[in-house]
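Colleague: Here is my input, please return the structure:
(3 chains)
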Amino acid sequence: MSDANGRPAGCWKEFAKGIFSQNPIFVIVLGLCPTLAVSVSIENALGMGAAATFVLLGSNIVIAALMALLGKMLSPEMLAQVKKIRIPIYIVIIASFVTIVDLLMNGFAPALYARLGLYVPLIVVNCIVLGRAEAFAASNGVIASTLDALGMGLGFTLAMLLLSTVREVIGAGKFYGYPVFGPGYSPMLILTLAPGALLTFGLFMGLFRHLKNTRGGNGSL
Amino acid sequence: MDLFELFSIFIGVSLVHNFIFCQFLGLCPYIGVTERTSSAVGMGMAVIFVMTLTSAITWAVYEWVLVPCGITYLYIIAFILVIAAFVQLVEMFLQKSVPALYRALGIYLPLITTNCAVFGVVTLNKIELFGTTNSLLKCIVQGFGGGAGFMLAMLIMAGIRERLEMADVPEALKGMPIALITAGLTAIAFLGFSGLSI
Amino acid sequence: MTSVVAYSTLVLGAMGLALGLLLAISSRVFAVKLDPRIEEVTAALAGLNCGVCGYPGCAALAEAIVAGRAKAKQCPPGGASAVRKVAAILGREAVFAEPSVAAVRCRGGKSAAKEKAVYRGIRDCVSAELLGAGPKACVYGCLGMGSCVDVCPFGAIRMDAENLPEVIEGKCTACGMCVAVCPRHIIALIPIPQKVYVGCVSRDRGKRVKDVCAAGCTACGLCAGLKITPSGKVVIKDNLPEFPPDWEDFKTAAGKCPSHCFVMRKA
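Modeller: Model (predicted):
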């Protein structure tokens, strides 16, 4: 999934970079708070990943469109003035999408909403969303921003899935709620608790960095 | 006014449900700021200050504006606007009136706007405390306690990390991974508080 | 339903407007009048916020320069161009720092120098020095634990295969942090025009040096002899050769030294 394979750069690259080379969790290291808290079970991870991807998609598209429109409509001085207050603008747009997700989840998936609890509204301060808006959507077109959002959202979900698989299978002996090992398995409970998240994540980061170092550090995992 | 209940809230949010070690709120600046004890103290003070005051202000906005107009579902946008504006205001005020404190806090003040912990505590207030008796006081205590617990976590971490710099850490684990593992081990210690109920 | 929409729009719009106005008014009320020259000077400096000047960040140094408490030459990464720009902005005379580079004056690495003990402790030269003067047999030589590498803000020094620090001259800004941290004062700043330096700081002579290190200067005095150095610029002081920075006829002396102590800079 890298350019070295001779695949055409452009669309695929914008999408794929969010999964491996610029994975928001393991490479850029943003958005740790929900990752660690939510990765207790695979179901939670999928739900959170979907919600975050929705918000990312919405905010990236709107912000890219808005900045492109303002770039065309306003004079350079006015644009510079607007750029000074860009962060509150992004935050309000992101907060609106998070409100939509909050209400939708509360209405259509109340059990998931009750389990995710505090972390659904917390998507608004998720560094990934604001980070991509500031670093990418503000200066790139709508299509590129859409692909970027999808890639980052997918990368975020996959990272959470990785963590939650380890934590749920070893820590609770279940996979998506279905018991994996027999009844004789005594689960490693520490993994389902708070410390387990930190330890698992730290070890995974170390593993990925080790892989990257031994591969000669050519950027892609 | 039940002081015991307030004390219970304070202990609960600073130790039992510590923001870093239990609820994972505020991890991004946590890893970034705890490389030196001095910066950890500065950030901690700033966070306590912002958390306490925004708890009060968001309570006021919720109870006096959102509830009467029947639009409580907009609390996310309202709270984040309040936090962002408040932090900006405090920054401007400090720069003019108390420049020594402004320089001491440095870049940590603007960093607090997107700090998950600040938004987390006001959302927790909304979920748990709004609508109960004496909710304003309880919110303020929870805000203060959350900040105090955050600062405690950061001081512990900064102290350990300063020593960790001298240690012979394997190459792949240097920097962030070992910091996270350390945090995990400290979190196990904090698990000891989980049976604490007053 | 419509009332919810109406209220939402009105209340949020009003909040946004009110907060915006509040911030706009506060930015006037709490406006801090900064000397505009400070921002210009900040831009003229290197902008690395490395802290080598002793101030917390480039903006702080700029403020001190404008106030007259500091000089632009205190910014080694900025170099001569920063000094010139700042002098132009403030209308003051340009005072340049002498262009220098760090030099590691020890060649007693893994193969040449002996150890007197096995060291199990913090891998830090300052800490090792505190513990019985470190594990190296030579009390003047480089301990090789890399405190200088760790402290360099520019990544201009690295450990080589012989466990000795090597200065990357292109990156070195002569800030002096490695000089300050080395517990044995092995690193020194030498002026750029100087092409050679002595790779040893041992104050001992003769057998005492040879017993602990094959690469040490034994103060044999060959380099000071007029047959080798006709200009007579080398003198042996404190058992080490001393010479001025503009010493020209160093090639013979460098070739004749039995321990190959003279290091030629890869200028």
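Colleague: dump the residue contacts of residue A:118.
Modeller: Shown in contact with residue A:118 (C-beta atoms under 8 Å, 6 or more residues apart in numbering or on different chains): B:23, B:120, B:123-124, B:127. (C-beta placed from N, C-alpha, C; glycine too.)
Colleague: helices or strands next to the top helix by length along chain C in the packing?
Modeller: Longest helix of chain C, by residue count under DSSP state H: helix C:2-29. Applying 3 or more C-beta pairs under 8 Å, 6 or more residues apart in numbering or on different chains; DSSP states H and E, one finds that helix C:2-29 makes contact with helix B:75-97.
Colleague: ok, is the helix it packs on in contact with chain C or not?
Modeller: Yes: Helix B:75-97 reaches chain C (C-beta under 8 Å from any C-beta of the partner chain) through B:77-78, B:81-82, B:85, B:88-89, B:92-93, B:95-97.
Colleague: Out of those residues, which two sit at the greatest distance?
Modeller: For the residues of helix B:75-97 next to chain C, the maximum inter-member distance is 30.1 Å, found between B:77 and B:97 (C-beta to C-beta).
Colleague: which one of the two has more residues nearby?
Modeller: Taking other C-beta atoms under 10 Å in any protein chain shown, residue B:77 and residue B:97 do not tie; residue B:77 has more neighbours (23 against 11).
Colleague: so the more buried one sits right up against residue C:12, yeah?
Modeller: Yes: the criterion here is C-beta atoms under 8 Å, and residue B:77 meets it with residue C:12 at 6.3 Å.
Colleague: For the residue in the stretch 101-250 of chain C that chain B sits nearest to, which non-adjacent residue is closest in space?
Modeller: The nearest approach of the stretch 101-250 of chain C to chain B comes at residue C:122, 4.4 Å away (C-beta to the nearest C-beta). Of all residues not flanking residue C:122 in the chain, residue B:166 sits nearest, at 4.4 Å (C-beta to C-beta, 6 or more residues apart in numbering or on different chains).
Colleague: Where does that neighbour sit: helix, strand or coil?
Modeller: coil (DSSP: H, G, I helix; E, B strand; the rest coil).
Colleague: One more: residue C:61?
Modeller: Following three-state DSSP, the label given to residue C:61 is helix.
Colleague: close enough to count as contact, it and residue C:45?
Modeller: Yes: using C-beta under 8 Å as the test, residue C:61 is close enough to residue C:45 to be in contact (6.4 Å).
Colleague: With neighbour numbers in mind, choose between those two.
Modeller: Legend: neighbour count by other C-beta under 10 Å for residue C:61 and residue C:45, higher for residue C:61 (28 against 24).
Colleague: How many neighbouring residues does the spatially closest residue to residue C:226 that is not a sequence neighbour have?
Modeller: Distances taken as C-beta to C-beta, 6+ apart put residue C:232 closest to residue C:226, at 5.8 Å, once the chain neighbours are dropped. For residue C:232, the count of nearby residues is 10 (other C-beta under 10 Å).
Colleague: Give me the three-state assignment for the residue of the stretch 101-250 of chain C closest to chain B.
Modeller: coil.
Colleague: residues touching it, list them.
Modeller: Residue C:122 sits next to B:166-167, C:128 when contact means C-beta under 8 Å, 6+ apart.
Colleague: pLDDT score for it?
Modeller: Residue C:122 carries a pLDDT score of 81 in this model.
Colleague: just residue C:190 next, same as before
Modeller: pLDDT for residue C:190: 90.
Colleague: wait, it sits on residue C:100?
Modeller: Yes: Residue C:190 lies in contact with residue C:100 (C-beta under 8 Å); the separation is 6.2 Å.
Colleague: what's near enough to touch the closest residue to chain A within the stretch 101-250 of chain C?
Modeller: Closest contact between the stretch 101-250 of chain C and chain A, by C-beta to the nearest C-beta, is at residue C:155 (16.1 Å). Counting by C-beta under 8 Å, 6+ apart, residue C:155 touches C:168, C:171.
Colleague: Tell me the secondary structure at it.
Modeller: Classified using three-state DSSP, residue C:155 is coil.
Colleague: tally of neighbours for the closest residue to residue B:196 other than its chain neighbours?
Modeller: Of all residues not flanking residue B:196 in the chain, residue B:16 sits nearest, at 5.4 Å (C-beta to C-beta, 6+ apart). Number of residues near residue B:16 (other C-beta under 10 Å) recorded here: 19.
Colleague: before we move on, what about residue C:174?
Modeller: Neighbourhood size, residue C:174 [other C-beta under 10 Å]: 22.
Colleague: now do residue B:189
Modeller: Neighbours around residue B:189, by other C-beta under 10 Å: 11.
Colleague: secondary structure element for it?
Modeller: Per DSSP states H and E: residue B:189 is located in helix B:176-191.
Colleague: that older thread, quick check: ChimeraX command selecting the buried ones in the contacts of residue A:118.
Modeller: A single ChimeraX command is used to select the members of those judged buried by 16 or more other C-beta atoms under 10 Å in any protein chain shown:
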select /B:23,120,123,124
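Colleague: circling back to that earlier point, tell me the buried residues in the longest helix of chain C?
Modeller: C:7-8, C:11-12, C:15-16, C:19, C:23, C:26.
Colleague: and if you look at stretch C:241-251?
Modeller: Of the residues in stretch C:241-251, those buried (16+ other C-beta under 10 Å) are C:241, C:243, C:247, C:250.
Colleague: From residue C:200, how far off is the first one?
Modeller: Shown here: residue C:241 relative to residue C:200, a distance of 9 Å by C-beta to C-beta, to the nearest Å.
Colleague: Now do the shared contacts for the two.
Modeller: With the criterion set as C-beta under 8 Å, 6+ apart, the overlap between the contacts of residue C:241 and residue C:200 is C:217, C:261.
Colleague: Spell out the residue ranges of the strands in chain C.
Modeller: C:100-104, C:157-159, C:165-167, C:187-191, C:196-198, C:235-237, C:240-242, C:262-264 (DSSP state E).
Colleague: ranking these by burial, who's on top?
Modeller: strand C:100-104 (a mean of 21; mean count of other C-beta atoms under 10 Å in any protein chain shown).
Colleague: residue contacts, residue 136?
Modeller: Picking chain A for this. Residues in contact with residue A:136 (C-beta under 8 Å, 6+ apart) are A:60, A:144-145, A:148.
Colleague: my bad, the chain I had in mind was chain C
Modeller: With C-beta under 8 Å, 6+ apart, residue C:136 has these contacts: C:108, C:113-116, C:142-144, C:212.
Colleague: Counting neighbours, which of the residues you listed comes out on top?
Modeller: Neighbour-wise, the contacts of residue C:136 (other C-beta under 10 Å) top out at residue C:108, 29 neighbours.
Colleague: circling back: can you tell me which of the contacts of residue C:136 are in helices?
Modeller: Using DSSP H, residue C:212 are the members of these that sit in helices.
Colleague: Check which helix or strand the closest residue to residue B:36 other than its chain neighbours maps to.
Modeller: Once flanking residues are discounted, residue B:36 sits nearest to residue B:158: 6.4 Å by C-beta to C-beta, 6+ apart. Assigned by DSSP H and E, residue B:158 falls within helix B:135-164.
Colleague: Pull the distance from that helix to the chain's centre.
Modeller: 6 Å (C-alpha atoms, centre = their mean, to the nearest Å).
Colleague: ok, now stretch C:235-246?
Modeller: 24 Å.
Colleague: what's the span of it from first residue to last?
Modeller: Stretch C:235-246 has an end-to-end distance of 14 Å (C-alpha to C-alpha, to the nearest Å).
Colleague: same thing with stretch B:98-112?
Modeller: 19 Å.
Colleague: Next, give phi and psi for the nearest residue to residue B:167 once chain neighbours are set aside.
Modeller: Take residue B:167 and drop its neighbours on the chain: the residue closest to it by C-beta to C-beta, 6+ apart is residue C:122, 7.5 Å away. Backbone torsions of residue C:122, given as degrees, to the nearest 10, read phi -70, psi 130.
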